[in-house]
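Asker: got a predicted model here, sequence first, then my questions.
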Amino acid sequence: MRCDWLLVLSLVPCVFAIKTCFSDKRFLKFHKIKNCAKSTKPIIAWKDFSNPHDCMRFARTKNGVAFNFAPPQLKNATQARRYRNCQVLGCPETGNSTTFVFDPSFDYYSAFGDLNSTSNATCVKSVGLFVRIEQKKNYTDAINFCQNLGADLADVSSEIRTNALAASLKSMQNWYKAAYVGLDDTESEGTFRTPLGNFLACTKYRAWGVGHPRPNRKHEDCVILDAERTWRAINCKIKLEFICEFYPAPPQFPPVEFKNEDCAQIKNKRKRRQCLSANELFVIYSNSTRIDQCALLNDLE
């Protein structure tokens, strides 16, 4: 009996430790961003599917952040189709993009739908969108600035993130090229956490500079990344440039979709007239060719 109790007690700390960690694997939610168009950004995977939901699932398995989808019934909208209709992209379109093209065979979907806020963003393939802010702020003000953009300080808890973001710092004019990132132990000394609240102890990757974090410097609670791919803990009050990572988000203005509604239940006369007009458009849209549908959508968007 005593041994059994010792065994149970010895497992308790492990159970609690496991509860503090969660998977850093994101479940991206994709949104239709644009009808009758596709992105010409590099395709990282492709396959044929009968509906966009299966394409979404495929995109997640391939670490895609956006995709073009051509419904099978539209394969002859412009010409005989010689491509897979689900085209997974490692980078999404942003507000200043020049890689959108009109294509009646396709619709474009993305996890990053707020194109306006990401106009100046840089993509790290299969990871997300980032922007370096050249204004110098302390750590707290940097967080607030990022959050006002629909972002947060960048997570650097993987090698691909650290390496890609460190490379983006090489264009800085400073002699020491470094910026704040999202890693700190402000809540509990020595326990570093990412912006999403995950513990650094839950990941294997580390990029600490020699001697960092310095245990005898209790005021060094915030982390910077430098161009040499190194993390260093510093005083959070120091003002530096910083890197924001954009949150996945739906579009501010979703694309037009036509639906057939039951107008008889609407008592307000003005709203019922609007409903009947929308139903008329639905009938026109449903009976039109894809080219004409695209022209109608273009007029309304």
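Answerer: Cool, the structure landed.

Asker: ends of stretch 164-179, how far apart?
Answerer: Criterion CA to CA, to the nearest Å; first-to-last residue distance in stretch 164-179 is 13 Å.

Asker: can you pull the buried residues of that stretch?
Answerer: 164-166, 168-169, 172, 177-179 (16 or more other CB atoms under 10 Å). C-beta here means a position set from N, CA and C on the backbone, and glycine is covered the same way.

Asker: what residues does it touch?
Answerer: Contact partners of stretch 164-179, identified using CB atoms under 8 Å, 6 or more residues apart in numbering, comprise 122, 124, 127, 130, 132, 154, 156, 181, 224-230, 232, 240-243.

Asker: buried ones among these?
Answerer: 122, 124, 127, 130, 132, 154, 156, 181, 224-227, 229-230, 232, 240-243.

Asker: surely residue 32 and residue 253 touch.
Answerer: No. Counting by CB atoms under 8 Å, residue 32 does not reach residue 253; the two are 11.8 Å apart.

Asker: for these two, indicate the residue with more neighbours.
Answerer: residue 32 (17 against 12; other CB atoms under 10 Å).

Asker: next one: the more buried one, what pLDDT does it get?
Answerer: Predicted confidence (pLDDT) for residue 32: 94.

Asker: that one belongs to a helix?
Answerer: No. Counting by DSSP: H, G, I helix; E, B strand; the rest coil, one finds residue 32 to be strand, located in no helix.

Asker: centroid residue for this structure?
Answerer: Nearest to the mean C-alpha position of the chain, by CA atoms, centre = their mean, lies residue 248 at 3.5 Å.

Asker: name the nearest residue to that residue, ignoring sequence neighbours.
Answerer: residue 111 (4.1 Å; CB to CB, 6 or more residues apart in numbering).

Asker: next, residue 169: secondary structure please.
Answerer: helix.

Asker: check the gap between it and residue 126 for me.
Answerer: 21 Å (CB to CB, to the nearest Å).

Asker: could you list the single helix or strand in the protein with the lowest mean pLDDT?
Answerer: helix 2-19 (a mean of 39; mean pLDDT, DSSP states H and E).
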